[in-house]
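Asker: Take this sequence and fold it.
(one chain, ligands or ions: 1)
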Amino acid sequence: MRDQILDVLLPHLAAVVAIQDIQVIGPGVRITAVAAADAAPCPDCGTNSRRIHDRYGRRLADVAAGGQPVAIRLTVRRFRCEAASCPRRTFAEQMEGLTVRYGRRSQLQERMRAAIGRTLAGRAGARLAVMLHCTASPDTLLKRVRALPAEPPEKSPRVLGVDDFALKCGHVYGAVLINIESGTVVDVLPDRTAETFTAWLQQRPGAEIVCRDRASAYAEAVRTAAPDAVQIADRFHLWLNLYKTVEGKRAANTRRHFAAVHEMHDKGVSIEVISKSLRMDPKTVRKYAHATTVEELLAPPRQSRRMLQPWAEYLNMRWQEGCTDSGRLFREIQERGYRGSSRSVRRWLEPLRSADAPVPKRSEAPTVRQVVGRLTRHPDNLTSGQRLCLKHILARCPELADLRRYVGDFARMMRNLDGHLLPRRIKAAKGSDLPPLRSFASNLTKDLDAVTAGLTLPYSSGIVEGHVNRVNFLKRQGYGRANFDLLRRRVLADTSRVLVTPL
Ligand SMILES: [Zn+2]
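Answerer: Okay, the predicted model is just below:
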């Protein structure tokens, strides 16, 4: 039973050593062991030897077991090489998969350190390493990363994906290249210019299909360096463009309504009348009228609002109980941990105060982002509450309903790879009353071949997007410390694949 447990829990030891003793000493575990084999090969000539010259002790740090640091005490034999032609007289045995010459750590621990370095780089990695009982300084981890191989392939993969990612705060960009068929990163380029990508493609022929976003630099590079390759404007980016069109539409609506509400409100027209003539909800009209700039309506929830979010339910409850004194409510939630200002609380309560009836259980109005998300999502993926909410919005804004129909048609075409329907979709968008949809359509026309390919062939760089996210993650963990070369090595060494649900 004991041997069985060791085989299962310490497979890297069980294969090569005979464990003699396991003891808990202080906060850690000490394993005493000797090599299992009775002979060892000479490192120079490879001849197996059984003639023992002497023995000595060696210590190895291993990976933690059960959360405790593990030290291995090995008794190592020095053998004599008996081959007449070999210049070496003696050699120390190495245990395959466990020790390396002069190494003070097991290979398993070295692999763990390398993985930590690859993922978290310097300082963050060093902190994690301590917790995992395989201490390594930031510099050591970075040295590990520098030692990683970073050879790009000699040939381009058959189906190549390319996309850019921000290297520094959104104004310096690099490019990540993906083998779409295997789902692995092929290379990382220091910028996203046509020149760099062209040079890369020229040195590595073989790309038959290139999935790219709609950036013209990549299109140009492929035309120059791989003119026979089919270009695919990838579906993810098509969708993103449509999404932005929709978002733009919603923002334009907000602006239009804001202007209309203020024009009437400034003339002294009542909220009720404005609401009727603009076919807007009175609450919305009031909100628009109270906003001093349209940006207030478009902006994401303010910091102060976010800080109050955890207390919203409590404030609503107290309001229902009849406590409408904002100063008192402020003190109450402050005692419970709220760190914001009393002014924020007062402002938060204002809509409750101005509502006709004290109905505090109002649901929050959806944000622009939420509306866009609901417009571009498949109806099946919405909760019944979201569907209801969307129905209300669409009923109030027929243009949004048209847009939603268009988005639905476009999504169906993408899902079914009905690229032949594209001319019809473009025509519909061009004939639309919505300027953003018209410009979306004319953009599609500019890149028609690639867009059609993207809507017809099963390849898409949705997978590239996943890798871009991973590159961004690696970059955040220590790009400040490291340079581009380090980042590139870490990305290339990380062999994990990215699984993407197809659109
Ligand atoms: Zn030898």
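Asker: before we move on, what SS does Val188 have?
Answerer: Following DSSP: H, G, I helix; E, B strand; the rest coil, we place Val188 in the strand state.
Asker: Contacts only, for it.
Answerer: 174-177, 471, 487-488, 491-492 (Cβ atoms under 8 Å, 6 or more residues apart in numbering). Yep, even glycine has a C-beta here, placed from its N, CA and C like the rest.
Asker: From those residues, pick the one nearest Met414.
Answerer: Lowest distance from Met414 to the contacts of Val188 (Cβ to Cβ) belongs to Val176, with 23.1 Å.
Asker: where does that closest one land in three-state SS?
Answerer: strand.
Asker: My guess is it contacts Leu474. True?
Answerer: No. Counting by Cβ atoms under 8 Å, Val176 stays clear of Leu474, with 10.6 Å between them.
Asker: Could you tell me which residues touch both of the two?
Answerer: Val491.
Asker: Where do the domain boundaries of the protein fall?
Answerer: 2-104, 159-234+459-482, 249-356, 371-454 (automatic domain parsing).
Asker: Would you check how far apart the residue sitting furthest away from the middle of the chain and Cys42 are?
Answerer: Distance to the chain centre peaks in the chain at Ala84, reaching 60.1 Å (criterion: Cα atoms, centre = their mean). Plainly put, Ala84 is 12 Å away from Cys42 if you go by Cβ to Cβ, to the nearest Å.
Asker: Could you do Gly454 as well?
Answerer: From Gly454 over to Cys42 (counting by Cβ to Cβ), the distance is 60 Å.
Asker: what's near enough to touch the residue lying closest to Ile52 once chain neighbours are set aside?
Answerer: The shortest distance from Ile52 to any non-neighbouring residue, by Cβ to Cβ, 6 or more residues apart in numbering, is to Arg77 (5.1 Å). Taking Cβ under 8 Å, 6+ apart, we find Arg77 in contact with 35, 40, 52-55, 92-93.
Asker: and the nearest residue to Pro282 once chain neighbours are set aside, which of the three is it?
Answerer: Nearest non-adjacent residue to Pro282, counting by Cβ to Cβ, 6+ apart: Ser275, 4.3 Å away. Secondary structure, three-state DSSP: Ser275 is helix.
Asker: Could I get the contacting residues of Ser275?
Answerer: Ser275 makes contacts with 281-282, 284-285, as judged by Cβ under 8 Å, 6+ apart.
Asker: helices and strands of the chain: which one has the lowest mean pLDDT?
Answerer: helix 384-396 (a mean of 63; mean pLDDT, DSSP states H and E).
Asker: In TSV, list the contacts of Ser275 along with secondary structure, pLDDT and distance to Leu9.
Answerer: As requested, the contacts of Ser275 are exported to TSV (DSSP: H, G, I helix; E, B strand; the rest coil; pLDDT from 0 to 100; distance: Cβ to Cβ, whole Å):
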residue	secondary structure	pLDDT	distance to Leu9
Asp281	coil	84	64
Pro282	helix	87	68
Thr284	helix	83	63
Val285	helix	89	69
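Asker: All the strands of the chain, residue numbers only.
Answerer: Ranges of strands within the chain are 17-25, 28-35, 40-41, 48-49, 52-65, 68-80, 90-92, 159-168, 172-179, 184-189, 209-212, 230-233, based on DSSP state E.
Asker: number of nearby residues for the residue nearest to Gln202 when sequence neighbours are not counted?
Answerer: Setting aside the residues directly before and after it, Gln202 is nearest to Ala225 in space (Cβ to Cβ, 6+ apart), at 4.6 Å. When neighbours are counted by other Cβ atoms under 10 Å, Ala225 registers 21.
Asker: Quick check: the gap between Ala225 and Leu492.
Answerer: Distance, Ala225 to Leu492, by Cβ to Cβ: 21 Å.
Asker: quick revisit: for the contacts of Ser275, which one is nearest Leu120?
Answerer: For the contacts of Ser275, the nearest to Leu120 is Thr284 (47.0 Å; Cβ to Cβ).
Asker: still on that earlier bit, tell me who's in contact with the residue nearest to Gln202.
Answerer: Contact analysis of Ala225 by Cβ under 8 Å, 6+ apart lists 197-202.
Asker: With neighbour count as new columns, can these be given to me in a markdown table?
Answerer: Compiled in a markdown table, the contacts of Ala225 are given as follows (neighbours: other Cβ atoms under 10 Å):
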| residue | neighbour count |
| --- | --- |
| Phe197 | 24 |
| Thr198 | 19 |
| Ala199 | 15 |
| Trp200 | 20 |
| Leu201 | 23 |
| Gln202 | 13 |
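Asker: between those, which is nearest Leu13?
Answerer: Trp200 (44.8 Å).
Asker: From His467, how far out is the residue nearest to that closest one when sequence neighbours are not counted?
Answerer: Sequence neighbours aside, Leu189 is the residue nearest to Trp200 in space, at 6.4 Å (criterion: Cβ to Cβ, 6+ apart). Distance of Leu189 to His467, computed by Cβ to Cβ: 13 Å.
Asker: now swap in Lys155 and tell me
Answerer: For Lys155 relative to His467 (Cβ to Cβ), the value is 19 Å.
Asker: packing partners for the lengthiest helix in the chain?
Answerer: Using DSSP state H to define each element, the chain has its longest helix at helix 235-266. On a contact count with 3 or more Cβ pairs under 8 Å, 6 or more residues apart in numbering; DSSP states H and E, helix 235-266 meets helix 271-278, helix 282-290, helix 294-298, helix 368-376, helix 398-415, helix 435-446, helix 448-454, helix 462-476.
Asker: Flag every residue of the chain that's near the ion.
Answerer: 42, 44-45, 81, 83, 86, 88 (Cβ under 5 Å from the ion).
Asker: switch to 6 Å and redo it
Answerer: Residues of the chain found near the ion (Cβ under 6 Å from the ion) are 42, 44-45, 47, 81, 83, 86, 88.
Asker: so can I have a markdown table of those residues showing neighbour count and pLDDT?
Answerer: Output for these, formatted as a markdown table (neighbours: other Cβ atoms under 10 Å; pLDDT from 0 to 100):
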| residue | neighbour count | pLDDT |
| --- | --- | --- |
| Cys42 | 19 | 92 |
| Asp44 | 12 | 90 |
| Cys45 | 15 | 92 |
| Thr47 | 16 | 90 |
| Cys81 | 24 | 92 |
| Ala83 | 14 | 88 |
| Cys86 | 15 | 91 |
| Arg88 | 14 | 91 |
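Asker: C-alpha coordinates for stretch 216-225, PDB please?
Answerer: Extracted in PDB, the C-alpha atoms of stretch 216-225 (Å, rounded to 0.1, in the frame of the first residue of the first chain):
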ATOM      1  CA  SER A 216      -5.800  47.900 -44.600                       C
ATOM      2  CA  ALA A 217      -2.100  47.400 -43.500                       C
ATOM      3  CA  TYR A 218      -2.500  43.700 -43.300                       C
ATOM      4  CA  ALA A 219      -4.500  43.500 -46.500                       C
ATOM      5  CA  GLU A 220      -1.700  45.400 -48.300                       C
ATOM      6  CA  ALA A 221       1.000  43.100 -46.800                       C
ATOM      7  CA  VAL A 222      -0.800  40.000 -48.000                       C
ATOM      8  CA  ARG A 223      -1.300  41.500 -51.500                       C
ATOM      9  CA  THR A 224       2.400  42.200 -51.700                       C
ATOM     10  CA  ALA A 225       3.900  39.100 -50.100                       C
END
